[in-house]
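# 3D model of this:
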Amino acid sequence: MHRSISRLPSLASRHVLGTALMCAALALQACGSGGGSNLASPDNPGASAAADGGSAAQESVVKALSSFEPLDQSETSLKAVAKWVGTGYGATLSPKDIRAHYNMPASLNGTGQTIAIVNAPGSGDIASDLNAFSAYYGLPQCNTANPCFRKLDLSKGAAVSATNDWAVEIALDVEWAHAVAPAANIVLVVAASSSMTDMFNAVRTAATLPGVTAVSMSWGALEYSAETTARFDGLFASYPSVIFFAASGDSGNNGSNQNYPAASPYVTAVGGTSIRNLSLTSSTSETAWALGGGGASIYETMPRYQVSYLSGTKILSLNRGRRAIPDVAYNADNATSPFGVVSKGRWYAVGGTSAGAPQWAAITALMGQYLQAKGVSLSSLLQGNGGFNSLIYQAKLQQANSLSFFDVTTGSDNTGRGVCALCNAGPGYDDVTGLGVPNVGNFLGYF
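The predicted structure follows:
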């Protein structure tokens, strides 16, 4: 159930956050943290429809399974906050925490880059919430004088159902993309509805925005046979100069619950980790998040960039010639290291792989700015090297001692289901945290 929000607390007063969930299940849905007990958006069943080319595909309706609580002063929440590691609002992670943790150069802020974020409709005023979040952390305000945010609403202001309201997901994606790349232009593309057709129409709209660097998709569906067709994989392949990120899901790995579009070889899949301490220097800094999505794709063949990287390893044979998911990882744990967001004027604690997709998109905005200063076109680099995924696997393979990524070697996403050969993090690539979490400064130094 959704806790009602009746008034706006002071953003300067100290409150303590509860847990938050932006999670992935059967149909297209928002991806976010596991745990928590309140469902902000209960199941909204989908309907069947035909895909392009005559193939049958489920026309799922997106549902945001958002379990969270607003910041309230209570004994229970005070106990919960004691284990969080951040220096931000209510002990959540702050932008300063995350930029330092992942070694993001202070000189880079995303200037000249555009990030597109695709979501289903949500209530509230995201522009106002973004500026409240920014004011608390001293980030640039997005306004007429500094038009760093705009919303492209393909739903044309359609009423938002209380059972399928993406307000908190939108806040997470927009606010934390801005936190990582505060000078980048952010365009929120709101789909006409949460149907699969409308969501992918929104993706196409996002990909055709002038000068767009990356498109973030914090949602997914269980894989389906039509995903390899021109309607889906073909859409991503049609934009070789755009980087697509997708959350890998938040229900662990049971062997058959991989998500699309994260499974697409033309998309960079983002898995989940837990930050244990803010110093990214030892094997105890991060561990695999227990609910992060990962594993071998059901329908996608392993792409060449993974075959080359995994050649001669046990992981290659365990994936049985299928696309391995995810490619990279990022903090996702709401229980240990949540992100604070402002939605409808109130703070929430949020986690999940949906947090990583927009922040990785923002990292590529930093990359675009970095390359531009060197006289290098990111678009040309992508097209000349077979896309972003090829670039990151090359960087991991060729850079001494994998300096572009911090290798997450502990933890599992099997969530107690039993024996699972691809559910444990370990040295090198694994189907839990991919290549690892970013060491942005070192990663950029590769180019």
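
# name the spans of this protein whose pLDDT lies under the cut-off.
By pLDDT under 70, the weakly predicted segments of the chain are 1-82, 281-283, 399-402, 415-419.

# where along it do the helices fall?
With helices called from DSSP state H, the chain shows them at 75-81, 95-101, 126-137, 167-180, 196-207, 233-237, 304-310, 314-318, 353-373, 378-384, 388-398, 440-445.

# which of the residues in the fifth one are buried?
It refers to helix 196-207. Along helix 196-207, these residues count as buried under the neighbour rule (16 or more other Cβ atoms under 10 Å): 196-203, 205-207. All C-beta atoms are positioned from the backbone trio N, CA, C, and that covers glycine.

# surely residue 403 and residue 441 touch.
No. If you go by Cβ atoms under 8 Å, residue 403 and residue 441 don't touch, sitting 9.4 Å apart.

# give me the more crowded residue out of these two.
Comparing residue 403 with residue 441 by other Cβ atoms under 10 Å, the one with more neighbours is residue 441, at 18 against 15.

# returning to that earlier point: now render the helices of the chain as a markdown table, adding distance to residue 291.
Compiled in a markdown table, the helices of the chain are given as follows (distance: least, Cβ to Cβ, whole Å):
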| stretch | distance to residue 291 |
| --- | --- |
| helix 75-81 | 17 |
| helix 95-101 | 20 |
| helix 126-137 | 25 |
| helix 167-180 | 16 |
| helix 196-207 | 23 |
| helix 233-237 | 25 |
| helix 304-310 | 23 |
| helix 314-318 | 21 |
| helix 353-373 | 9 |
| helix 378-384 | 31 |
| helix 388-398 | 24 |
| helix 440-445 | 25 |
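
# of all the ones you listed, which lies closest to residue 215?
Nearest to residue 215 among these is helix 196-207 (4.6 Å), distances taken as Cβ to Cβ.

# elements contacting that closest one?
On a contact count with 3 or more Cβ pairs under 8 Å, 6 or more residues apart in numbering; DSSP states H and E, helix 196-207 meets strand 56-59, strand 114-119, strand 185-190, strand 212-217, helix 233-237.

# list the contacts of the second one.
Yep, that's strand 114-119 we're talking about. Applying Cβ atoms under 8 Å, 6 or more residues apart in numbering, the external contacts of strand 114-119 come out as 30, 166, 169-170, 173-174, 177, 181, 184-191, 199, 202-203, 206-207, 209-219, 358, 361-362, 365.

# quick one: contacts for residue 147?
Counting by Cβ under 8 Å, 6+ apart, residue 147 makes contact with residue 185.

# closest one to residue 224 among the helices of the chain?
With Cβ to Cβ as the measure, helix 196-207 is the member of these nearest residue 224 (9.2 Å).

# CA atoms of the closest one as CSV?
Taking C-alpha atoms only, helix 196-207 is exported to CSV below (Å, rounded to 0.1, in the frame of the first residue of the first chain):
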residue,chain,number,x,y,z
MET,A,196,5.3,-1.7,-24.3
THR,A,197,4.4,0.0,-27.5
ASP,A,198,4.4,3.5,-25.9
MET,A,199,7.6,2.9,-23.9
PHE,A,200,9.5,1.9,-27.0
ASN,A,201,8.1,4.8,-29.0
ALA,A,202,9.4,7.0,-26.2
VAL,A,203,12.8,5.3,-26.6
ARG,A,204,12.9,6.1,-30.3
THR,A,205,11.9,9.7,-29.5
ALA,A,206,14.7,10.0,-27.0
ALA,A,207,17.3,8.5,-29.3
